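# quick one: sequence plus predicted model below, questions after.
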Amino acid sequence: MTVPQLDTLARVETPEGITLLWRVAGVMPRAAAWALDFVIRFALVWVLAAGLAVLGTAGQGFYLIGLFAVFWFYPVLFEVLNDGQTPGKRVLGLRVINRNGTPVTWVASFLRNLLRTVDMLPLLYGFGLVACLSDADARRLGDRVAGTLVVYAELAHCEDSAPQVPIVHAPLALSRLEQAAVIAFAERARLLTPERQQELAAILRPL
């Protein structure tokens, strides 16, 4: 049975059958990580251009090859070889993983970064922003196709059981899915601020 997700926690079941709780990264930390990586790539390209300028026309050819390599292979190499973290993601405490909780693979990393060209359309990552805001796991189009998640590097800690309180019978019959949602809320309530607890609990008030 699928338990409805609350806030930004994603339940990921590993191939070994272990359920892990990851805290999904939202738009702002991901944008900040991308900006840091962009600055690093721009600096690499500038150093490359300065170094190859002495070669004249031949240097221009090598520069174009280097430009292509920096902007296309920089994220893939770091994500696969550095535990899912580019330098920008490491600073922000983020990492890329496969949807089943395993380390991101070459194919998945290449796909998610290749489709970044689509997420950038029509302007300023418009498609990517809409995709992130409309997905429970804040995945852009590249993540959906590649089957990846961008999460915080540290696993989320959640209470294993609901608090011990007196039993209160519901005034109406609840489906199994609704019961699971109430239990999930009770288990995670201690991780939320009182204001957020009240906001979620108030959803049931009309009933």
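Good, I have the coordinates.
# so Leu21, which of the three states?
Following DSSP: H, G, I helix; E, B strand; the rest coil, the label given to Leu21 is strand.
# residue ranges with poor pLDDT in the protein?
Residues of the chain meeting the criterion pLDDT under 70: 1-7, 16-18, 156-162, 207.
# so what's the residue nearest to the spatial centre of it up against?
For the chain, Val150 is the residue whose C-alpha lies nearest the centre (CA atoms, centre = their mean; 2.0 Å). Going by CB atoms under 8 Å, 6 or more residues apart in numbering, Val150 touches Val24, Ala25, Arg30, Lys89, Leu94, Arg95, Val96, Ala138, Arg139, Asp143. To be clear about C-beta, it is placed using only N, CA and C from the backbone, and glycine gets the same treatment.
# and it, what are its bridge partners?
Beta bridges link Val150 to Val96, judged by DSSP bridges.
# skipping adjacent residues, who's closest to Leu115 in space?
Gly142 (3.6 Å; CB to CB, 6 or more residues apart in numbering).
# ok, that neighbour - how many residues close by?
By other CB atoms under 10 Å, the residues close to Gly142 number 22.
# send the alpha carbons of the helix or strand encompassing it over as CSV?
For Gly142, the host element (DSSP states H and E) is helix 141-146. Extracted C-alpha coordinates of helix 141-146, given in CSV (Å, rounded to 0.1, in the frame of the first residue of the first chain):
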residue,chain,number,x,y,z
LEU,A,141,11.8,16.7,-16.7
GLY,A,142,15.3,15.3,-16.8
ASP,A,143,14.9,13.6,-13.5
ARG,A,144,11.6,12.0,-14.4
VAL,A,145,13.0,10.5,-17.6
ALA,A,146,16.3,9.4,-16.0
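# now the strands for this protein?
9-13, 19-23, 94-98, 148-152 (DSSP state E).
# out of those, the one nearest Leu115 is which?
Among these, strand 148-152 comes nearest to Leu115, with 10.7 Å by CB to CB.
# gap between the closest one and the chain center?
Strand 148-152 has its C-alpha centroid displaced from the chain centroid by 3 Å (CA atoms, centre = their mean, to the nearest Å).
# hmm, back to that, now the helix holding Gly142: buried residues?
Leu141, Gly142, Asp143, Ala146 (16 or more other CB atoms under 10 Å).
# same for it, what does it pack against?
Helix 141-146 is packed against helix 106-114, helix 116-119, helix 126-133, strand 148-152, with contacts defined by 3 or more CB pairs under 8 Å, 6 or more residues apart in numbering; DSSP states H and E.
# what's the neighbour count on Met28?
If we define neighbours as other CB under 10 Å, then Met28 has 9 of them.
# over to Ala173?
For Ala173, the neighbour count with other CB under 10 Å is 7.
# for Phe68, see how far away it is.
Counting by CB to CB, to the nearest Å, the separation of Ala173 from Phe68 is 61 Å.
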